[in-house]
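Student: Got a predicted structure here, sequence first:
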Amino acid sequence: MSGRIHPPVSMRRRPSRSGPAAVTALLLLALGVALVWAAVVRLAEGMWPVFFAEPLVWLSSTSWDSPQGWTAAVVLLLIGLVLLLCGIIPGEFGALPLRAKPVNMPGLPGAGESGGVPSVRGGETVVMSRRAVARLAASTCNHIDGVSSASASASGRRVHLEVTTALHGTADLQHWVVDGVRSRLAATGLDPVPEVTASIRSRE
């Protein structure tokens, strides 16, 4: 029995809205709390609080074509433009691409070459998260002679290692670390292989 093979769906970069959304939410929350408090004060005391009344007086006495009015309009325009761009411009992709190696299940058409996982027709997209890349790099580094401890951080194009060693001469160790981690990432299938850098610190 054969099933319909749908075309592969490419992984697209999505805009990262967490930062702008959190800032906007906090600002709106603060504004809402201030308005609720001002309304409660108005109902309880019969007058608006000073922090709420003074801006209203300033706004009522300011004409649209005054310098203050133009300044406020430009500031609001810039804020809106920044928020709009944050929502439109794609954020940095949170994973690194791997070379896909389609294989076949035994007993299925085309099986027997490398068995284990069904092949995907039309291509596939395989990725590895930055956190996984950083953990792999740190684990690889920890197995290199001379390394006492290591931590790693990964971005879309770069992996940086913070290495602690008991050795006093660190030049050779830095080459071993960079070459060893780069080779491990390449063997894993990262394509392209990110740039690997290392900072070596001698332990006192």
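Tutor: Done, it's in. Residues are numbered from 1 along each chain as shown.

Student: other SSEs contacting the lowest-mean-pLDDT helix or strand in the chain?
Tutor: Least confident helix or strand of the chain, by mean pLDDT, DSSP states H and E, is helix 50-60 with a mean of 74. Applying 3 or more C-beta pairs under 8 Å, 6 or more residues apart in numbering; DSSP states H and E, one finds that helix 50-60 contacts helix 18-45. (Glycine included, C-beta is placed from N, CA and C.)

Student: Taking helix 50-60 as reference, get the angle to the helix it packs on.
Tutor: 100 degrees (axes from the mean of the first three to the mean of the last three C-alpha atoms, to 10 degrees).

Student: For helix 18-45, list every residue counted as buried.
Tutor: 20, 41 (16 or more other C-beta atoms under 10 Å).

Student: Can you name every helix or strand that that helix contacts?
Tutor: Helix 18-45 packs on helix 50-60, helix 67-88, going by 3+ C-beta pairs under 8 Å, 6+ apart.

Student: What angle do helix 67-88 and it make with each other?
Tutor: 130 degrees.

Student: Low-confidence regions, this structure specifically.
Tutor: Across the chain, the ranges flagged by pLDDT under 70 are 1-17, 90-93, 100-124, 204.

Student: what about dumping the CA coordinates of the least confident helix or strand of the chain to CSV?
Tutor: As requested, C-alpha coordinates have been extracted for helix 50-60 and formatted as CSV (Å, rounded to 0.1, in the frame of the first residue of the first chain):
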residue,chain,number,x,y,z
VAL,A,50,-1.5,64.8,40.9
PHE,A,51,0.5,62.4,38.7
PHE,A,52,-2.6,62.0,36.5
ALA,A,53,-4.0,65.5,36.6
GLU,A,54,-0.8,67.3,35.6
PRO,A,55,-0.3,65.5,32.3
LEU,A,56,-3.9,66.2,31.4
VAL,A,57,-3.4,69.9,32.1
TRP,A,58,-0.2,69.9,30.0
LEU,A,59,-2.0,68.1,27.2
SER,A,60,-5.0,70.5,27.3
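
Student: How is the protein divided into domains?
Tutor: 18-88, 127-202 (automatic domain parsing).

Student: Reformat these as a markdown table; add distance to Arg99.
Tutor: Below are the domains of the chain laid out as a markdown table (distance: least, C-beta to C-beta, whole Å):
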| stretch | distance to Arg99 |
| --- | --- |
| domain 18-88 | 30 |
| domain 127-202 | 5 |
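
Student: of all the ones you listed, which lies closest to Leu98?
Tutor: Nearest to Leu98, of all those, is domain 127-202, at 4.3 Å by C-beta to C-beta.

Student: which residue lies farthest from the center of this protein?
Tutor: Each residue of the chain has a distance to the centre, and by C-alpha atoms, centre = their mean the biggest one is for Gly46: 49.5 Å.

Student: Having no further points to raise, I will conclude here.
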